[in-house]
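Chemist: Generate a structure from the sequence data that follows.
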Amino acid sequence: MTAIRFALLAPLALAFTLSATLAHADSDRYTLSPAYVQECGACHTPYPPALLPKESWQRLMGSLDKHYGTDASLDAAMRKSIGDWVLAHAGSGKRARSAPPEDRITRGDWFIREHREVPKAAWSRPAIKSASNCSACHRGANEGDYDEDGISIPR
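Modeler: This next block holds a predicted model:
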């Protein structure tokens, strides 16, 4: 009886795992590492690693002492922990086919295409400041939620 139950349940478990993986690939919600949120989110929106390919994350993690003009160095243990996590969750699909210029998410083809309806002047509004300030419009960005239902562009 146990062998029959396993034979029936194993394909269902595989199907669930595959559908969950595929659904996440195009999801607008991301699970963020608490260490990543604490360290990286202290200075900026903790961007979902899926928005950049591995090679971008390798460069970023390898040059934290010169992180876009700021020294964002981490101790070795934290650098390894966060580095391993971002590489494990780096993008490989349509949102991160190739590294954007300067490894900036906001300069990637997907980001530009997804935000094409946002008026250019909106990016310089005092409440937004720049395209990299995701949480200005995506209310749940700091928790990894980029669902369109949660968007509110400040005036």
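Chemist: can you map out the strands along the chain?
Modeler: With strands called from DSSP state E, the chain shows none.
Chemist: Settle this for me: A141 is touching C134, isn't it.
Modeler: Yes: applying C-beta atoms under 8 Å as the test, A141 and C134 come out as touching, 4.1 Å apart. For the C-beta atoms, the positions are set from N, CA and C on the backbone; glycine is no exception.
Chemist: Name the residues contacting each of the two.
Modeler: When C-beta atoms under 8 Å, 6 or more residues apart in numbering defines a contact, the residues bordering A141 and C134 alike are T45.
Chemist: And the helices in the chain?
Modeler: Under the criterion DSSP state H, helices of the chain are mapped to 2-25, 34-40, 54-62, 76-88, 109-114.
Chemist: Tell me the buried residues in the second one?
Modeler: Looking back up the chat, that one is helix 34-40. Of the residues in helix 34-40, those with enough neighbours to count as buried (16 or more other C-beta atoms under 10 Å) are 36, 39-40.
Chemist: rank the helices of the chain by pLDDT, which is bottom?
Modeler: For the helices of the chain, the weakest mean pLDDT is recorded on helix 2-25, namely a mean of 40.
Chemist: mind putting the buried residues of helix 34-40 in a markdown table, distance to G150 included?
Modeler: Supplementary listing: the buried residues of helix 34-40 in a markdown table, determined by distance: C-beta to C-beta, whole Å:
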| residue | distance to G150 |
| --- | --- |
| Y36 | 20 |
| E39 | 24 |
| C40 | 21 |
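Chemist: Report the contact partners of the residue most central in space within the chain.
Modeler: Centre of the chain computed as the mean C-alpha position; nearest residue by C-alpha atoms, centre = their mean is P48, 1.2 Å away. Residues counted as contacts of P48 (C-beta under 8 Å, 6+ apart) are 30, 32, 89, 144, 146.
Chemist: Could you do M78 as well?
Modeler: Applying C-beta under 8 Å, 6+ apart, one finds that M78 lies in contact with 35, 39.
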